[in-house]
Structure formats: C-alpha cells, structure tokens
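1. any chance you can model this:
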Amino acid sequence: MKNLSQPWILYSGGLIAAITATIGLIANLGLVDTATLLGLELILTVGLETLQSVRTRTDTVLGPDAELLDPADIVGVRELVSGLIKARNVDSEFMQSRVNDAVESLVQILIEIGSGRAAYELAPGGIFYSEIDLIAEAKTHARVTSFVNASEYWRSAHGAASLTLNRAAIARGVRVTRIFIEDRAHLDELRSIVDEHSSAGVECRVAIRAEVPTTCLKDFALLDDGHLAVSLDLDDNRMPSTTRFVTAATEVGRGEIKRMEDIFRLLTQRSMSADEFLGRERSGL
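-> Reported below is the predicted structural model:
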C-alpha cells in the first residue's frame, strides 16, 4: 500500500481547478446553465474531500507504517477492528476479560513472529483459557454434565486438575452437581470415578446413555443462574476437541444456555443419585 496523502491533495486540487475551468468554458458557450454546473462542481468537491477524509482517518488508525501493508492486510485489519467492536459490545465481564486476553496474546504472537520465532502460551489463562478454569467464576452453583470418555479423561492430568478446582470451589461454598452419562457396558469403570467425586463433595448423578435422548449427550457446565456456560465438542473417542464459552448477555447466548438448562433438567429426571448408583453396582443389579 502506498501513502498517497500528499499527492492526493495535489491531484484533487488540480482536478477541481480543471473542473472549474471547464465550467467557465461550457458556460460561455451556453451549453448548460451556470447554476447546474456550479452544483456539479460542489458535488464533486464534497465527494473528493470526503474520500480524502476517509483516507486520512485510515492512515491515522493504521499509523505511519500503513504503506507497508499489503491490500489483504488492510482487509484483515478492518475485519479485526470490526470483530473487536462487536466483541466490546457484549455486556459480560468474563467475555471482556477474554477479549483483553485475545488482543494481548495476538499482539505478542505477531511481535514474536516478527523476530523470527513464535511462542504460544499453553498454561491456564490467556488466549488458551481452559474450560476447567471457568469454575472459578461460580458464586453459588455449578451444574455440570460429563459425557467425556470417563476412564480416560478423569484419569488424566487435566481431569485431575478439574477435580482439584472443583474441591476449591466447594470449599468456598459453591455447590457442584455433576451428571455422568455413560454406556451401560462401562458402568463398572465409572464406579470408582463417581466415588472419588462424591468424596470430594461433588453431588453426583449417573444417567445411562441408552435411557436418554441423543440430544442430551452433551458435555457442558452452567454457572449460577445461567449467566455463563461452557460446552465441549468431543472427538470420536469422546475427548474434548473444542471449548465454547457462552454468555447470556446476547440473544444467541441466551438461546444456547436455555437449551443446556433444558437438557440438564431432563438428565436430572432420568438419572440416579450417586448412592443409588453405587448401591446398585454393589448389589450387582
């Protein structure tokens, strides 16, 4: 991209002068009345001034290095700014914190790439904010489902960290309710996991996969009155592949949270308590 601010002033000035001269010539020949031509000149002049004003504002936003950007970069920057404006309009403290993290992380990543290397922060927080960290935002209650591969996920370091964060939330007075959804064939493997979670203070329930609608086979968490939620997309092995945070501050978010609340309500009705599940397993039923 070339910086044409100064040449543009000369070009537009010359063009306006040429138009003015042409108006005088045409008016003298009597081809068009002077008022019409003067109106045309005014329209062209205002149009040129408006275009120059837009260009000046663009250079102001992008800075003096704007001329170093390719046209595709300019489009990308405009889309980034547009996305940032939309994100800033979301009335959610949590989401605004994620916006801040995303902007800061993007800036740092680009600076690193400019130095010939690239660094990505994988620890909790920042642009890679983990779903298990959301429990820190809960004030009174966390309603959670677990449709992940229980024996693999909950025995992993990530699963252990999640349970540790659950314990911390319970210690500060947050009620944590988790509904496990599992195949009947894997209930034996689930027993020790439910026992561990119950011992940690988590209110556990167990739903058998075949006994609930497929629309309820979801892994998500709802906080407090449903103002904030997180859902997980699972891969073919039922392990997390994508984390999606949702806020009730937008109409789309409210719709998604409403669906989660309906699912949780139905799962509660079609599941058994931890005591019932562990007792049933012990009796071999």
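2. quick one, helices of this structure?
-> 5-29, 34-62, 71-88, 93-114, 150-153, 157-171, 187-199, 251-269, 274-283 (DSSP state H).
3. could you chop this structure up by domain?
-> With automatic domain parsing as the criterion, the domains of the chain are listed as 5-69, 74-127, 131-283.
4. ranking those domains by burial, who's on top?
-> With neighbours taken as mean count of other C-beta atoms under 10 Å, those reach their highest mean count in domain 131-283, at a mean of 17. In this view, the C-beta of every residue, glycine as well, is placed from N, C-alpha and C.
5. in CSV: the domains of the chain, plus mean pLDDT.
-> As requested, the domains of the chain are exported to CSV (pLDDT from 0 to 100):
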stretch, mean pLDDT
domain 5-69, 56
domain 74-127, 79
domain 131-283, 94
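6. can you give me the end-to-end span of stretch 152-163?
-> Using C-alpha to C-alpha, to the nearest Å, the gap from the first to the last residue of stretch 152-163 comes to 14 Å.
7. and the contacts of it?
-> Outside stretch 152-163, the residues within contact range by C-beta atoms under 8 Å, 6 or more residues apart in numbering are 130, 132, 135, 146, 148, 193, 196-197, 200, 202, 237-240.
8. excluding its backbone neighbours, what's nearest residue 205?
-> Nearest-residue entry for residue 205: residue 271, 4.1 Å, with adjacent residues in sequence omitted and distances by C-beta to C-beta, 6 or more residues apart in numbering.
9. quick check on residue 140: phi, psi?
-> Backbone geometry at residue 140, expressed as degrees, to the nearest 10, gives phi -130, psi -40.
10. ok, now which ones touch the nearest residue to it once chain neighbours are set aside?
-> Taking C-beta to C-beta, 6+ apart as the measure, residue 140 lies nearest to residue 224, with 5.3 Å between them; neighbours along the chain are not counted. In this structure, residue 224 makes contact with 138, 139, 140, 141, 142, judged by C-beta under 8 Å, 6+ apart.
11. for residue 217, see how far away residue 224 is.
-> 24 Å (C-beta to C-beta, to the nearest Å).
12. now residue 152
-> Distance from residue 152 to residue 217, by C-beta to C-beta: 17 Å.
13. residue 177 pairs with what?
-> On the basis of DSSP bridges, residue 177 is bridged to residue 143, residue 203.
14. contacts only, for it.
-> With the criterion set at C-beta under 8 Å, 6+ apart, residue 177 makes contact with 141, 142, 143, 144, 202, 203, 204, 205.
15. format those residues as TSV; extra columns: distance to residue 278.
-> Rendered in TSV, the data for those read as follows (distance: C-beta to C-beta, whole Å):
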residue	distance to residue 278
141	23
142	22
143	21
144	19
202	13
203	13
204	9
205	12
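16. so which of these is the closest to residue 183?
-> Among the contacts of residue 177, residue 205 lies closest to residue 183 (C-beta to C-beta), at 16.1 Å.
17. residue contacts, residue 211?
-> Taking C-beta under 8 Å, 6+ apart as the criterion, residue 211 is in contact with residue 270.
18. and it, how far from residue 167?
-> 30 Å.
19. same check, this time on residue 195
-> Residue 195 sits at a distance of 15 Å from residue 167 (criterion: C-beta to C-beta).
20. I figured residue 94 was touching residue 228, is that so?
-> Yes. Because the distance of 5.7 Å satisfies C-beta atoms under 8 Å, residue 94 is recorded as touching residue 228.
21. which neighbours do the two have in common?
-> Counting by C-beta under 8 Å, 6+ apart, the residues touching both residue 94 and residue 228 are 137, 245, 247.
22. redo those as a markdown table? Include distance to residue 253.
-> Formatted as a markdown table, the entries for the shared contacts of residue 94 and residue 228 read as follows, by distance: C-beta to C-beta, whole Å:
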| residue | distance to residue 253 |
| --- | --- |
| 137 | 15 |
| 245 | 9 |
| 247 | 5 |
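23. and these, which of them are in strands?
-> Among the shared contacts of residue 94 and residue 228, the residues falling in strands (DSSP state E) are 245, 247.
24. and which of the shared contacts of residue 94 and residue 228 is nearest residue 189?
-> Nearest to residue 189 out of these is residue 245 (C-beta to C-beta; 29.9 Å).
25. got the contact list for the closest one?
-> For residue 245, the contact set (C-beta under 8 Å, 6+ apart) comprises 94, 95, 98, 129, 131, 134, 228, 229, 230.
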